[in-house]
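Participant: Following is a predicted model, sequence given first.
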Amino acid sequence: MAKDPPGAGTSKEINLTIPMLPNMEIAATQTAEAVARFMEFDPDQIDAVKIALIEACINAFEYSNSSEGQVYIKFIMNPEDLVVEIRDHGQGFDPEHPAALPKKHRGKGLTIMRGLMDSVEIASGPGGTTITMSKARASR
């Protein structure tokens, strides 16, 4: 069983805002890696969180058409899991029909996120999109 991180028993949050500029998703993954290491995730779990976060950020960059050009990321450290929330203030999309989005380069981001994380929830509308993903701590 994984031991509790220092200060366990209560949720801890880290908030990060990144500009929608090339390679800024990498800055976000550095924070994700530090948080996951602190929570004693194994290397495969850390990689899964980082890749899913990259996909979420790139989707926001490519599809949101946000006039403010920011992505807001919240890392919530719970005793049992890590929750990562990625939010933009863009145009939104229909999460039930993501294939309707214009294919710019890749088109597999949501599928990749769902394959890597334990849960992925999407809330989207004219005021923007929020993707909430979680990864459970592995038993040791």
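Facilitator: Looks like it arrived, so ask away. Residues are numbered from 1 along each chain as shown.

Participant: Can you list the residue ranges for strands in this protein?
Facilitator: For the chain, the strands defined by DSSP state E occupy 12-19, 70-77, 81-88, 119-125, 128-136.

Participant: wait, which of those strands is closest to Pro95?
Facilitator: strand 119-125 (4.0 Å; Cβ to Cβ). Using the backbone N, CA and C atoms, a C-beta is placed for each residue, glycine as well.

Participant: Count the neighbours of Asn65 for me.
Facilitator: By other Cβ atoms under 10 Å, the residues close to Asn65 number 11.

Participant: Kindly report the same for Arg114.
Facilitator: Neighbours around Arg114, by other Cβ under 10 Å: 15.

Participant: can you list the weak-confidence ranges in the chain?
Facilitator: By pLDDT under 70, the low-scoring segments of the chain are 1-9, 97-107, 139-140.

Participant: what about the residue nearest the centre of the chain, distance to Pro126?
Facilitator: Taking Cα atoms, centre = their mean, the centroid of the chain lies closest to Leu53, which sits 3.9 Å from it. Distance of Leu53 to Pro126, computed by Cβ to Cβ, to the nearest Å: 25 Å.

Participant: Quick one: distance of stretch 51-70 to the chain centre.
Facilitator: Stretch 51-70 sits 10 Å away from the centroid of its parent chain (Cα atoms, centre = their mean, to the nearest Å).
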